[in-house]
Structure formats: structure tokens, C-alpha cells
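Visitor: Need a 3D model of the following:
(chains A and B)
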Number of protein chains: 2
Amino acid sequence: MQSAHRPRIAIFDSGIGGLTVARAVRDRLPGADLRYLGDTARLPYGTKTAETVTRYALQAARALLGEDGADALVVACNTASSCALPALEAECGLPVLGVIAPGARRAVAASPTGQIGVIGTERTVASGAYTFAIEALRQGASVHGKATPLLVGLAEEGFFSGPLVDAALDAYLGPWLERRGPGAIDALVLGCTHYPVFKEALAAWLGRRLGREVALIDSAEAIADELATRFPSATTGSGATELLATDGLERFRRVGSGFFPMQGAALRLVDL
Amino acid sequence: MQSAHRPRIAIFDSGIGGLTVARAVRDRLPGADLRYLGDTARLPYGTKTAETVTRYALQAARALLGEDGADALVVACNTASSCALPALEAECGLPVLGVIAPGARRAVAASPTGQIGVIGTERTVASGAYTFAIEALRQGASVHGKATPLLVGLAEEGFFSGPLVDAALDAYLGPWLERRGPGAIDALVLGCTHYPVFKEALAAWLGRRLGREVALIDSAEAIADELATRFPSATTGSGATELLATDGLERFRRVGSGFFPMQGAALRLVDL
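Guide: Now for the predicted structure:
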């Protein structure tokens, strides 16, 4: 256990996308020590069954916490957050924060109508995790999920905007919005850690389609705020960053640098 | 070992895409017994290191061959074919056929100019496996590789043609062809098992861009021809099909049915 003035925050993700969460946490808590593990050997989690995702998440958490432990474990991966939190809490014996609940709280606060969209991987959307969390917070809310898994690949290859991203949004969200009519949604949860990179493209695309603004809910910011409340001493200072991956360090560094400032961070391979 | 008149062919892939190979083999050798294993729990292989891919391929081959063995092992996965064949041959002690060599032979036969393009995953293209194979067959050939990994996701989600596929081809191949000028290539190897589903879209797109035909090289057909030569007795008859996957049977059946006729095939989960 770390002393109170220098909290250690462990962040787990299926791969590289969770670095958007690490970045938000680093920005809000510069004084925390961060250790991030991306299970790049076994990504993506989004198309795997809940049983497999839970098993992988437990293995990853053991490697990430090691013998030193941590003051909090952040599950940056939406897929793992949707199914593996109870098992992780039971095994790890420390605060485990998923991305679903903070995102749901933000969405409810940002949506006057309660008509809320959620985009994410197949598993995250099929789990109904955001739906349950949002409906628990606000009776009568209506949650509309849409799996948009290709956006993960687009983000990893550095396509954050442009014709290809717009074509993907057309293909995924065009018919989906049309079925719901112009009042469709007033908030859209970015229910996958990769998706914050599309904020600008999504805002522009939704503006063109709906002729008005839609609140884009970034769970990374929500979880960073929650950690800042828990560890106020770490909102100033200068902590260390250690990045672990289970495969492909070269790719991790190259792709990850689009999501997180890599300079000064220690990067090493772990085998699960 | 099977008797000569009913050969057993084992086919291994990182996931679902290799079903395009299984389909070509099934069409050419209806009398063979096919057993297919897709390592869906650990796909994609295309972004993993050669060491990890080889380790996974060996585990998969053990599960696929089991105690019954087979008469030939087909490595449908281009990524595994580019790095794991020697280890598989050493361990399995039976003919191991990758997709690279048959594809390279077809490409050389189809290319009068020797200007040959190869599209595939990052790992397949970076391995240079097609380049080495093609240059060994034809002195002075010029091989132009381009990683187009998003096409895997497009295929798995059933986008085989349309604006999104065209936008992906624009983004990947547009600048790549422009740099090479109008004489760029006269043959293009579909160096990833998923890619045969894009044949029509690719032919139309290349026709619009280049104003002429480009030969599209499908390794699945090449390997099926090679197996038909080795096992002529199986080119008639009616064999059994068994499909194994390491995760997500429901998704395997749903997505795979776009690549392979699933009816009548036994489908089961294996744990590696």
C-alpha cells in the first residue's frame, strides 16, 4: 500500500484504447503513480464471451498488481467493466472502478430528455450494462445501444476523422438514427475506450444529421474526476508512469502515442 | 492415418476468415473429411509478434489434430503461414501447407509485368513472406505490399461492398496506387483469408482507378487446387465437416455463415 500523498493507480485494458483513460487520469492526477496493462496479445475482448473476458481480466489484474498492489484498480475496458467487476473485486480486495457507472452518471446528468444512445463493442452493447446503470439512475430513461466495433480498428490505425470515419458513421448510425426519428437522442455515451478520439468527427456528423448538438459522454473524463475526488493529494505533483503490454511493444508504442504522451513512460512486456 | 480414399484435411486459422479457404477446399474436394479450427479467443494474429503467433499455432495444431491426426494440415491464416510453418512441420510430422506459396505461384503466373501488389495484415506484409516467395519464383519481380487490416473487421461485419468498403479502399489503396503511377500492378494478392469476400468490390474499384483489369489472386483457390492434385480421390464423394472454435460459437456461426455453408457441419468449442 502506498502512502496517502502518492497514490498508485493501476489501469487495465484489453489493449491500447484504455490509454485514453490513462491520459485523462494522468491529466487530472499528475501526482499519482500510474501502472497500465494492455492485454494486447489477446485483444479484442469485445467479441469474446463473458466467461473468457472474466478469466483474462483476472489474469491481467494479478500481473498488474504484482506484489506491490495499488490503491485503486481502474478497469478501462468497457467490455471487462460490463462483466468482470464482481470477480475482480472479490479477488483483488481493493477499490475496483469500471467505466460504466461513471459514464452512466454523466449521461443522465447531460440528457434532459432521457433519450440516451450508447455505442460500443458487440459485447458491451449486448451486455446491457449501460442500460441497467442508466435506468437505475433515472426512471423512464430510454437507452438505445448500437454496436460499432469497426471504430476500434479505425482508431488503432489513426483514422480519427475524414471520409472513412464518416462512411463508418453513415453505415452504423445513419439507419439507426433514422429509425428513431429526429428526437432520437440528446446524449451519446462513447462506450468504448477507443472512441474519445472520434469526438470531433462524431460531433460534426451528428450536427449535420440532427441539426443540433448531442452531448458526447466520455467515460475517461468521468473516471478521472472520480479518482480526483478520492485522491485529492494527487491532483498536483509529478508521478511515475509504467506501461505494460502482453505483446507487440513496438506497435503499442506507435499506436499508443496517438492516445497517450509516451515520452518518459517505462514500457515493458509481460507474459500472462 | 485415414485410408487413401477418404483423406482427412485439417485446416487452421486465427479465426473465422479461414472459412473462405475451407469453402474452396470443400468445393474442390467434396469427398474429404474436413476439420477446421478457428482460434477466435485469441484473434487477430495479424498484429501479434512472430513468436506469439508461432506458439499459438502450435497449440491450435495439437488440438486440431488430436489423437486421430490428419493427412494434411492447411494453415489458412496468412499471418501464421508467414512465420509458423517450420515449427508446425517440425512438430506435426505431416504435410503442412501454408497459403503463401500457392498464392505466390498464382500471382507470378497471372502477372505479365511482374509488378505484383500484396494486401494483408500488418504482420503478413511486414514479414515480406510473399515478397520472398514471389522473387524466388521470378527474378526481377517487384512486389508492393500494403497493410490493410481494417478490411478484416469489414468482412467480419458483413460489409463486403458499398460506400464503406470503397472509402476503406480509397484510404488504403488510393495514395498507394498514386505513388506508383498508372503501370502500378497487374496482379494483386489477397493476402488475408478474409479478403476473397471483397473480390467484386476490389475489381470494380481497381477498374475505376486504373481503367483496366487487375488479376486478383485468391490463395484459397490456389490451395484447394494443390490439395485436389494430392488427393484426387476426394474430388468426388461426400465427406464430413467439423468446425472448432476457441470462443464465441454463436458469433462464429453467424459471421462464418457469410463465408461457409454451415448447415450440416458439426460445431464445437475447444479450450487451448
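
Visitor: Of all the helices and strands in chain A, which has the lowest average confidence?
Guide: Taking mean pLDDT, DSSP states H and E as the measure, chain A has helix A:122-127 as its least confident helix or strand, at a mean of 87.

Visitor: ok, and for that helix, which residues are buried?
Guide: A:122, A:123, A:124, A:125, A:127 (16 or more other Cβ atoms under 10 Å in any protein chain shown). To be clear about C-beta, it is placed using only N, CA and C from the backbone, and glycine gets the same treatment.

Visitor: Of those residues, which are in range of chain B?
Guide: Restricting these to those touching chain B (Cβ under 8 Å from any Cβ of the partner chain) yields residue A:122.

Visitor: elements contacting the one helix or strand residue A:151 maps to?
Guide: Residue A:151 is located in helix A:150-156, with elements delineated by DSSP states H and E. Packing partners of helix A:150-156 (3 or more Cβ pairs under 8 Å, 6 or more residues apart in numbering or on different chains; DSSP states H and E): helix A:163-180, helix B:150-156.

Visitor: Now do the contacts for the residue of the stretch 151-272 of chain A at minimum distance from chain B.
Guide: For the stretch 151-272 of chain A, the residue closest to chain B is residue A:167, as judged by Cβ to the nearest Cβ, at 3.7 Å. Residue A:167 makes contact with B:163, B:164, B:166, B:167, B:168, according to Cβ atoms under 8 Å, 6 or more residues apart in numbering or on different chains.

Visitor: now the closest residue to it other than its chain neighbours: how far from residue B:119?
Guide: In space, and not counting its chain neighbours, residue A:167 is closest to residue B:167: 3.7 Å by Cβ to Cβ, 6 or more residues apart in numbering or on different chains. Taking Cβ to Cβ, to the nearest Å as the measure, residue B:167 falls 16 Å from residue B:119.

Visitor: hang on, the earlier thing: out of the buried residues of helix A:122-127, who's nearest residue B:226?
Guide: residue A:122 (35.9 Å; Cβ to Cβ).

Visitor: For the closest one, give me its contacts.
Guide: A:46, A:47, A:147, A:149, B:251.

Visitor: Which ones among these lie within helices?
Guide: Under the assignment DSSP state H, these contribute residue B:251 to helices.

Visitor: now the contacts of residue A:122 as JSON lines including pLDDT?
Guide: As requested, the contacts of residue A:122 are exported to JSON lines (pLDDT from 0 to 100):
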{"residue": "A:46", "pLDDT": "77"}
{"residue": "A:47", "pLDDT": "76"}
{"residue": "A:147", "pLDDT": "94"}
{"residue": "A:149", "pLDDT": "91"}
{"residue": "B:251", "pLDDT": "88"}
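
Visitor: Need the contacts of residue A:122 in JSON lines (columns: distance to residue A:61 and neighbour count).
Guide: Converted to JSON lines, the contacts of residue A:122 look like this (distance: Cβ to Cβ, whole Å; neighbours: other Cβ atoms under 10 Å in any protein chain shown):
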{"residue": "A:46", "distance to residue A:61": "19", "neighbour count": "26"}
{"residue": "A:47", "distance to residue A:61": "21", "neighbour count": "25"}
{"residue": "A:147", "distance to residue A:61": "26", "neighbour count": "21"}
{"residue": "A:149", "distance to residue A:61": "24", "neighbour count": "21"}
{"residue": "B:251", "distance to residue A:61": "25", "neighbour count": "19"}
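
Visitor: just the contacts of residue A:167 now: which is nearest chain A?
Guide: Within the contacts of residue A:167, proximity to chain A (Cβ to the nearest Cβ) peaks at residue B:167, which comes in at 3.7 Å.

Visitor: still on that earlier bit, buried subset of the contacts of residue A:167, written for ChimeraX?
Guide: To isolate the buried members of the contacts of residue A:167 in ChimeraX, using 16+ other Cβ under 10 Å:
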select /B:164,166,167,168
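
Visitor: pLDDT averaged over stretch A:91-101 - what is it?
Guide: Mean pLDDT, stretch A:91-101: 93.

Visitor: The residue most central in space within chain A: what's it in contact with?
Guide: With distances taken as Cα atoms, centre = their mean, the residue of chain A nearest its centroid is residue A:193 (3.1 Å). The contact partners of residue A:193, taken as Cβ under 8 Å, 6+ apart, are A:13, A:17, A:18, A:19, A:20, A:21, A:76, A:77, A:78, A:99, A:219, A:220.

Visitor: Filter those to keep only those in contact with chain B.
Guide: Counting by Cβ under 8 Å from any Cβ, no member of these reaches chain B.

Visitor: So which of those residues are in strands?
Guide: residue A:13 (DSSP state E).

Visitor: Which of the contacts of residue A:193 sits closest to chain B?
Guide: Distances from chain B to the contacts of residue A:193, taken by Cβ to the nearest Cβ, are shortest for residue A:17, at 13.2 Å.

Visitor: ok, residue A:110 touching residue A:189?
Guide: No. Using Cβ atoms under 8 Å, residue A:110 is not in contact with residue A:189; the gap is 9.5 Å.

Visitor: So between those two, which is more surrounded?
Guide: With neighbours defined as other Cβ atoms under 10 Å in any protein chain shown, residue A:110 and residue A:189 compare such that residue A:189 has more, 33 against 16.

Visitor: which other helices and strands contact the strand or helix carrying that one?
Guide: Mapping residue A:189 onto the secondary structure by DSSP H and E places it in strand A:187-191. Of the remaining helices and strands, those touching strand A:187-191 by 3+ Cβ pairs under 8 Å, 6+ apart are helix A:100-110, strand A:115-120, helix A:199-210, strand A:215-218, helix A:219-230.

Visitor: Would you mark the buried spots in the third one?
Guide: Buried residues in helix A:199-210, counting neighbours by 16+ other Cβ under 10 Å, are found at A:201, A:202, A:205, A:206, A:209.

Visitor: starting at the chain centroid, how far to it?
Guide: 20 Å (Cα atoms, centre = their mean, to the nearest Å).

Visitor: then the strand holding residue A:189 to CSV, C-alphas only?
Guide: Output of strand A:187-191 as CSV, limited to C-alpha atoms (Å, rounded to 0.1, in the frame of the first residue of the first chain):
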residue,chain,number,x,y,z
ALA,A,187,-26.7,12.3,-25.3
LEU,A,188,-24.4,9.6,-26.7
VAL,A,189,-22.1,7.5,-24.5
LEU,A,190,-18.8,6.7,-26.0
GLY,A,191,-18.9,3.2,-24.6
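
Visitor: Now the residue nearest to the centre of chain A: which helix or strand?
Guide: Counting by DSSP H and E, residue A:193 is part of no helix or strand.

Visitor: State the three-state secondary structure for residue A:37.
Guide: Three-state assignment for residue A:37 (DSSP: H, G, I helix; E, B strand; the rest coil): strand.

Visitor: Show me the beta-bridge partners of it.
Guide: Assessed by DSSP bridges, residue A:37 has beta-bridge partners residue A:12, residue A:244.

Visitor: same check, this time on residue A:147
Guide: Bridge pairing for residue A:147 (DSSP bridges) gives the partners residue A:120.

Visitor: Tell me which residues touch residue A:265, please.
Guide: A:241, A:242, A:243.

Visitor: Now restrict those residues to buried residues only.
Guide: A:241, A:242, A:243.

Visitor: what's around residue A:237, how many residues?
Guide: Neighbours of residue A:237 using other Cβ under 10 Å come to 12.
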